[in-house]
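Asks: Provide a 3D model corresponding to the input given below.
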Amino acid sequence: MKFVCPVCGYVFDEAQEKAAFSSLPETWQCPICKAAKSLFTPQGGEAPAISGEPAQAEELRPLTPGELAAVFSNLARGCEKQYHPEEEARFQELAAYFAGLAPQEPDASVAQLLALFQEDLAQGYPAYQAAAQAAGDRGSQRVRVWGEKVTTMVRSLLEQYLRQGEDFLKNTQARVCTVCGFVYVGDVPPELCPVCKVPAWKFEKVEGRKAL
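Replies: Numbering: from 1, shown residues only. The predicted model follows:
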């Protein structure tokens, strides 16, 4: 049998590897993107049906400072890609301002963050896909593919972190693709981003926070 990584598409061929996929240790990871073994699915199986309903339009409401910080940060990144440094700097200033106004989450935890990612994968992306299909918007469907792969990878990293604790990041580095957001934990990133295929120099090293 063959088993496929849902993030980068790597195929584990039992015949070629001369090993059963089930015999691999649970700590085994995809050799390309480092996705966990638990994410792999048998090749040739039916694709999961998109069961989500198109999301209903929310009533307009003021955005929170945290949401505004995210919006302006994304706009700054878009300006960077379009080589508009002055506009990029302005949006970065706005993002930093609203980030400073965002209140602390008293009960924030890795487990809580993981639950939010799981909710996105179970409900958010299916609803997004259904809405994009209903509108015939192929561009939005491509965006959904990248986003879902990156979210799947981040969820996998959080699950590994919960199991292993600080040892998961000990003596290694984390890098993020500045184009699609894919996160790679390892000393040397792949030559091409497993999700969006940009070269490795597009990855940025993530620095850990200093203890207070």
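Asks: Check which helices and strands the longest helix along the chain is in contact with.
Replies: Longest helix in the chain, counting residues (DSSP state H): helix 138-164. Packing partners of helix 138-164 (3 or more C-beta pairs under 8 Å, 6 or more residues apart in numbering; DSSP states H and E): helix 110-119, helix 125-135, strand 183-185. (Each C-beta comes from the backbone N, C-alpha and C, glycine too.)
Asks: Tabulate those (JSON lines), appending mean pLDDT, mean neighbour count and distance to Ala174.
Replies: Supplementary listing: these in JSON lines, determined by pLDDT from 0 to 100; neighbours: other C-beta atoms under 10 Å; distance: least, C-beta to C-beta, whole Å:
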{"stretch": "helix 110-119", "mean pLDDT": "92", "mean neighbour count": "13", "distance to Ala174": "14"}
{"stretch": "helix 125-135", "mean pLDDT": "91", "mean neighbour count": "17", "distance to Ala174": "24"}
{"stretch": "strand 183-185", "mean pLDDT": "93", "mean neighbour count": "20", "distance to Ala174": "5"}
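Asks: Make CSV from those and add distance to Glu80 to it.
Replies: What follows is these, written out as CSV (distance: least, C-beta to C-beta, whole Å):
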stretch, distance to Glu80
helix 110-119, 26
helix 125-135, 25
strand 183-185, 19
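Asks: Pro31 is nearest to which of these?
Replies: Using C-beta to C-beta as the measure, strand 183-185 is the one of the helices and strands packed on helix 138-164 that comes nearest Pro31, at 12.4 Å.
Asks: and the nearest residue to Cys8 once chain neighbours are set aside, which of the three is it?
Replies: Leaving out its chain neighbours, the residue that sits closest to Cys8 by C-beta to C-beta, 6 or more residues apart in numbering is Pro194, at 3.3 Å. With DSSP: H, G, I helix; E, B strand; the rest coil as the basis, Pro194 sits in coil.
Asks: on that earlier part again, sort out which residues of the longest helix of the chain are buried, please.
Replies: Buried residues in helix 138-164, counted by 16 or more other C-beta atoms under 10 Å: 144, 146-161.
Asks: Would you check how far apart the residue nearest to Cys8 and Val150 are?
Replies: Noted for Pro194: a distance of 10 Å to Val150, by C-beta to C-beta, to the nearest Å.
Asks: Centroid-nearest residue for the protein?
Replies: Centroid check for the chain by C-alpha atoms, centre = their mean gives Val150 as the closest residue, at 2.5 Å.
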